[in-house]
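sequence first, predicted model second:
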Amino acid sequence: MKSARSLLEVGFLGLACAIGAAGQGSPPPTEPRTDASDVRFVSSFVAAGEPVPGDCREEAHTFALTLVRYARPQSWHWVLVCDEAGWRRFLRLTGREEGAAIYASTDLAGRTTYIRGAKLLNPYDLAADPDAILAHELAHIRLHTESEARAAELARLWQERAKEGMR
Ligand SMILES: [Zn+2]
């Protein structure tokens, strides 16, 4: 699991600043403004140094808009796997079935979350609400647990709160 990030070719996505800036209000003066998190992307269709593909950009946009609705870790690696071929490769590298219905995966020890980008593309797959996907992974991170039941419970609570906040 830890080696997946180095095995997948990753490019840097200049989203870290956007995510840091879109936070809930100004931080207190004692707190450093910097968010040490980074967002990278994996695309099967682009070589290093080439522009980020359109699908990848759209996925990154949805990712950023969704992430800011939840409390997130200060220092985390996010890897957006932009296309399905890349996601199948990720599943293979991490010892999972290629056809598994997995939309994201968090490596707690490696402080890295992998997102199946295609599930963030509009129109959304009804089985894969971007909010549900991210809230679930953030719950794993917050609780530092691999328990699906505990993560699902906290994610549900956060999603209810987020919905109330939008009213
Ligand atoms: Zn989970």
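Right, received. Where do you want to start?

what is the three-state secondary structure of the residue nearest to the spatial centre of the chain?
By C-alpha atoms, centre = their mean, the chain has its centre lying nearest to Ile115, at 4.7 Å. The three-state assignment at Ile115 reads strand, by DSSP: H, G, I helix; E, B strand; the rest coil.

quick one: name the residues of this structure near the ion.
Glu148, Ala151 (C-beta under 5 Å from the ion). Glycine gets a C-beta too; all of them are placed from N, C-alpha and C.

what about the longest helix seen in the chain, average pLDDT?
Longest helix of the chain, by residue count under DSSP state H: helix 148-166. The average of the pLDDT scores along helix 148-166 is 90.

if we can go back for a sec, distance of the residue nearest to the centre of the chain from Ala104?
Taken as C-beta to C-beta, to the nearest Å, the spacing of Ile115 relative to Ala104 amounts to 5 Å.

which residues do these two both contact?
Ile133, Leu134, Glu137 (C-beta atoms under 8 Å, 6 or more residues apart in numbering).

that older thread, mind listing what the residue nearest to the centre of the chain touches?
Glu59, Phe63, Trp78, Val79, Leu80, Val81, Tyr103, Ala104, Ile133, Leu134, Glu137.

tell me the bridge partners for it.
Taking DSSP bridges, one finds Leu80, Ala104 as the beta-bridge partners of Ile115.

please write out the alpha-carbon positions of stretch 78-95 in CSV.
Provided in CSV are the C-alpha atoms of stretch 78-95 (Å, rounded to 0.1, in the frame of the first residue of the first chain):
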residue,chain,number,x,y,z
TRP,A,78,-4.4,13.7,-2.1
VAL,A,79,-4.0,11.7,-5.3
LEU,A,80,-6.6,12.1,-7.9
VAL,A,81,-6.6,9.1,-10.2
CYS,A,82,-8.2,10.7,-13.2
ASP,A,83,-9.1,7.8,-15.4
GLU,A,84,-10.5,4.3,-15.0
ALA,A,85,-7.4,2.6,-16.5
GLY,A,86,-5.3,4.4,-13.8
TRP,A,87,-7.7,3.3,-11.1
ARG,A,88,-7.6,-0.3,-12.2
ARG,A,89,-3.9,-0.1,-12.0
PHE,A,90,-4.0,1.4,-8.6
LEU,A,91,-6.3,-1.4,-7.4
ARG,A,92,-4.0,-4.0,-8.9
LEU,A,93,-0.9,-2.4,-7.2
THR,A,94,-2.7,-2.5,-3.9
GLY,A,95,-3.8,-6.1,-4.2
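
how about it, which residues are buried there?
78-83, 86-91, 94 (16 or more other C-beta atoms under 10 Å).

ok, which pair from these is furthest apart?
The largest separation in those, counting by C-beta to C-beta, is between Trp78 and Arg88 at 19.6 Å.
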